[in-house]
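K.L.:
fold the following, please.
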Amino acid sequence: MKNTKLNLSILIIVIAAAAGGIFLYKRKNHPAQEQPAVQDEQSEKDENLTSKIEFEPKKDVENPEFSKEELKKKLEEAIGNKDYKNFADILRIIYDYNWQGEKELLELESKFYVIGADEYYKKGNYEEGLRMAEIISGKVFESWRFKYLRVLCLEGLGLEKLEKGDYDKAEEYAMKMLSIEFRPEGADLLARVNIEKAKTAYKNGKTNEALSFLAKVEDYELTKERREEIEKLKLEIGN
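P.N.:
All right, here's what the predicted structure looks like:
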C-alpha cells in the first residue's frame, strides 16, 4: 500500500514537471502570444496606416475599370473645366490603382495644383483656393500637393484676419492648419496671434492674461525670430 502511494506521488511529480517544462518551452518559443490584445489592435492600426502611406493598390490592377489613357483624358477634361469634384473622383481612382507615379498622370495632378497655387493663392483668392484644396484633398488625402495648398490658403486667410485685428478668427485658421498636420506656417501664425493678444492684454493692464497668451505657444516649434519676440515681450511684461 505504501509502495503504491509512493509510486503515485512520484508519478504526480513527474507529470507536474513535464507540464511545467512544456509551459516554459511555449513561453520561450512563442513570446508574441503573451502580448496584450491592445497591442495587437495597435499593430493592425499601424499596418493600415503604413499601407495608406505606401499607397498599396486598393483595386484589381489586373482588370482595371479604366485604362491609364482613359483616366488621363478624364483628368484633362476636369482640368479644362476646373471641375474640382470630378478631378478628385478621377484622382481617387488613380491612387486606388497605385498609378499616381505614372509620368503623364503625375504631370496632370501637378498641373492642376500649379493652377490653384498661381491663380488663387498667389493672387490672394484664398477662399477659392481653399475650396479647391478641400474638395480634392478631402477625397484624395494622400495627395500632398492639395493638402499643402489647403495649408497655404488657410494661412493667407489667417494673416488677413490678423491684419484686421480679428485675432479669434485668425487663431481659428491657425488651429485648422495644425489639425491637418504640423506645419511651421500654422505654428507661426498661432504665435503671431497670441503675441498680439498678449500686447493688447498688457496694454489694458492685464499682466497675467498677457503672459498666459504667450505660454500657449511656448511649446511649439517656432522660428528663432518668433521665439526672440516672445522672450522680449515676456521680459517687458515682467518688468
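
K.L.:
and the helices in this structure?
P.N.:
2-29, 37-53, 68-81, 84-96, 103-116, 126-139, 144-163, 167-180, 184-203, 207-215, 224-238 (DSSP state H).

K.L.:
look up the closest residue to the spatially most central residue of the chain, ignoring the ones flanking it.
P.N.:
Geometric centre of the chain, nearest residue: E181, 4.2 Å, by C-alpha atoms, centre = their mean. Excluding the flanking residues, the one nearest E181 by C-beta to C-beta, 6 or more residues apart in numbering is K147, at 7.5 Å. Quick note: C-beta positions are derived from backbone N, CA and C, even for glycine.

K.L.:
tell me the pLDDT of the one you found.
P.N.:
On the pLDDT scale, K147 is placed at 94.

K.L.:
any idea how far G80 is from it?
P.N.:
Separation of K147 from G80 (C-beta to C-beta, to the nearest Å): 24 Å.

K.L.:
between the two, tell me which one has more neighbours.
P.N.:
Neighbour count, other C-beta atoms under 10 Å: between K147 and G80, K147 has more, with 19 against 8.

K.L.:
these two touch, right, that one and F141?
P.N.:
Yes - here K147 lies in contact with F141, judged by C-beta atoms under 8 Å, at a distance of 7.3 Å.

K.L.:
distance of the residue nearest to E181 relative to L154?
P.N.:
Counting by C-beta to C-beta - K147 and L154 are separated by 11 Å.

K.L.:
equivalent analysis for D188, please.
P.N.:
12 Å.

K.L.:
got the contact list for E172?
P.N.:
G158 (C-beta atoms under 8 Å, 6 or more residues apart in numbering).

K.L.:
show the pLDDT at the residue lying closest to G186 once chain neighbours are set aside.
P.N.:
Nearest residue to G186, sequence neighbours excluded (C-beta to C-beta, 6+ apart): M177, at 3.3 Å. Listed pLDDT for M177 reads 94.

K.L.:
wait, M177 sits on V193?
P.N.:
No - counting by C-beta under 8 Å, M177 stays clear of V193, with 11.7 Å between them.

K.L.:
what is in contact with these two at once?
P.N.:
G158.

K.L.:
give me the neighbour count for the nearest residue to Y126 once chain neighbours are set aside.
P.N.:
Leaving out its chain neighbours, the residue that sits closest to Y126 by C-beta to C-beta, 6+ apart is G156, at 4.0 Å. G156: 20 surrounding residues under other C-beta under 10 Å.
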